[in-house]
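> Predicted model, plus sequence, below.
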There are 2 protein chains.
Amino acid sequence: MRITYKSDYSLKTILNLAIHYGEEPVTIHELAKRSDIPIKFLEQILLDLKRGGFVESRRGKVGGYLLAKHPSKIGLLEVVRFVAGPVEPIACVDKKYRRCRDIDKCVFRDIWQKITNATEKILEEVTFEDLVKKSRKSQGNFVYQI
Amino acid sequence: MRITYKSDYSLKTILNLAIHYGEEPVTIHELAKRSDIPIKFLEQILLDLKRGGFVESRRGKVGGYLLAKHPSKIGLLEVVRFVAGPVEPIACVDKKYRRCRDIDKCVFRDIWQKITNATEKILEEVTFEDLVKKSRKSQGNFVYQI
DNA sequence: TATAATGTCTATTACATTAGTAGAGTTTAC
DNA sequence: GTAAACTCTACTAATGTAATAGACATTATA
């Protein structure tokens, strides 16, 4: 799990769409402006999010993007996994990691696992509906980066 | 915080030195062999760890490396911070991040902060003495990668 | 005092990832 | 039929990762 610019942009964009759930599609241009994201970069990000099943698109004149599901059905953990990769801090928790000959005996493994569990627990409890509420509560119509 | 090969090698090496605390210096060659680390890479890593104050060196014929402090005085959190960078998953928790115009209102900030706190709590409670004990307990003289 | 075994230091390299940019194509409301 | 939208593929510059290379400095001891 690594929050890069791309993953940050992805999260902001989904939140923006969540805030406007049930309304007209939002254009890439509008989303880019709201969160100050380079438009050509956002195009790619939205295509990824679409492939991930988080957003839907409408093509043509009055096209744009929409959230694919109700914000309450989109968990932060699944989104983070998709946009920021596995929660694990890599190393031996990662399945691909083959450096430890006797992996069961590695004393660090427990630590990474604990951190992974704690992180997942925090993310698991949050949906985008929660985030929308939180956003509205503390900021009126501020949204996030506008 | 990112556990790369370098940080993994660093942790293994410190644990190895912790296990042999109070004994003769351990040579780079020996450390490299024990943990299967490219020797020239380990040279650099050990110089870093020395600059960080975690290890000491003896030059010359019967030289090698030693832990700079008693294993009970070396916390896992400080070592992880040194070898794997800040615990935060970057984004707006990072001081350098300036994308959020009204940072107090960012709804994700809280989440990253919670994860950071939880991670720090886990790492804070562990010293290398704990890891040595854990290692001895479960594996006799296995150590970690040998 | 020579020498072998050790640590020290600076450069270089191959590869992958990140954060974009560029441009041509497709769809649809009007 | 055209403007306004999304779609797709390719390219690039900068940075980070994981080494590798080679010359140099120090010290125990034969």
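It's in.

> that's a helix at residue A:65, yeah?
No. Assessed by DSSP: H, G, I helix; E, B strand; the rest coil, residue A:65 does not belong to a helix; its assignment is strand.

> Report pLDDT for it.
Residue A:65 is assigned 98 on the pLDDT scale.

> Next, count neighbours for it.
Counted by other Cβ atoms under 10 Å in any protein chain shown, the residues lying close to residue A:65 total 25. C-beta here means a position set from N, CA and C on the backbone, and glycine is covered the same way.

> right, and it touches residue A:47 too?
No. At 10.3 Å, residue A:65 does not count as touching residue A:47 under the criterion of Cβ atoms under 8 Å.

> how about whatever helix or strand residue A:112 lives in, does it reach chain B?
Using DSSP states H and E, residue A:112 sits in helix A:107-124. Yes. Shown here: helix A:107-124 in contact with chain B (Cβ under 8 Å from any Cβ of the partner chain) through A:107, A:108, A:110, A:111, A:112, A:114, A:115, A:118, A:119, A:122, A:123.

> Can you tell me which helices and strands that helix packs against?
Counting by 3 or more Cβ pairs under 8 Å, 6 or more residues apart in numbering or on different chains; DSSP states H and E, the packing neighbours recorded for helix A:107-124 are helix A:76-84, helix B:5-19, helix B:107-124, helix B:128-139.

> same question for the last one, mean pLDDT?
It refers to helix B:128-139. Helix B:128-139 shows a mean pLDDT of 88.

> ditto for the third one
Within the predicted structure, the mean pLDDT of helix B:107-124 is 94.

> and it, C-alpha only, in PDB?
Extracted in PDB, the C-alpha atoms of helix B:107-124 (Å, rounded to 0.1, in the frame of the first residue of the first chain):
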ATOM      1  CA  VAL B 107     -11.400  13.600   5.100                       C
ATOM      2  CA  PHE B 108      -8.700  11.200   4.200                       C
ATOM      3  CA  ARG B 109      -6.100  12.800   6.500                       C
ATOM      4  CA  ASP B 110      -7.800  11.300   9.600                       C
ATOM      5  CA  ILE B 111      -7.600   7.800   8.100                       C
ATOM      6  CA  TRP B 112      -3.900   8.000   7.200                       C
ATOM      7  CA  GLN B 113      -3.300   9.400  10.700                       C
ATOM      8  CA  LYS B 114      -5.100   6.500  12.300                       C
ATOM      9  CA  ILE B 115      -3.100   4.000  10.300                       C
ATOM     10  CA  THR B 116       0.100   5.800  11.200                       C
ATOM     11  CA  ASN B 117      -0.800   5.700  14.900                       C
ATOM     12  CA  ALA B 118      -1.700   2.100  14.900                       C
ATOM     13  CA  THR B 119       1.400   1.100  13.100                       C
ATOM     14  CA  GLU B 120       3.600   3.200  15.400                       C
ATOM     15  CA  LYS B 121       2.000   1.600  18.400                       C
ATOM     16  CA  ILE B 122       2.800  -1.900  17.200                       C
ATOM     17  CA  LEU B 123       6.400  -1.100  16.400                       C
ATOM     18  CA  GLU B 124       6.900   1.000  19.500                       C
END
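
> Would you mind naming what in chain A lies close to DNA strand D?
By the rule Cβ under 7 Å from any atom of the strand, the part of chain A lying against DNA strand D is A:25-29, A:40, A:43-44, A:46-47, A:50, A:57-61, A:63-65.

> let's go with 6 Å and repeat that
For chain A, the residues in contact with DNA strand D (Cβ under 6 Å from any atom of the strand) are A:27-29, A:43, A:46-47, A:50, A:57, A:59-61, A:63-65.

> Near DNA strand C, which residues of chain A? Just list them.
A:2, A:4, A:5, A:6, A:38, A:40, A:41, A:44, A:59, A:60, A:61, A:62.

> Do you know the pLDDT at the first one?
In this case it means residue A:2. For residue A:2, pLDDT reads 91.

> same check, this time on the last one
Confidence at residue A:62, expressed as pLDDT, is 95.

> so it makes contact with residue A:25?
Yes. Residue A:62 lies in contact with residue A:25 (Cβ under 8 Å); the separation is 7.2 Å.

> quick one: which of the two has more around it?
Neighbours were counted for residue A:62 and for residue A:25 using other Cβ under 10 Å; residue A:25 has more, 17 against 9.
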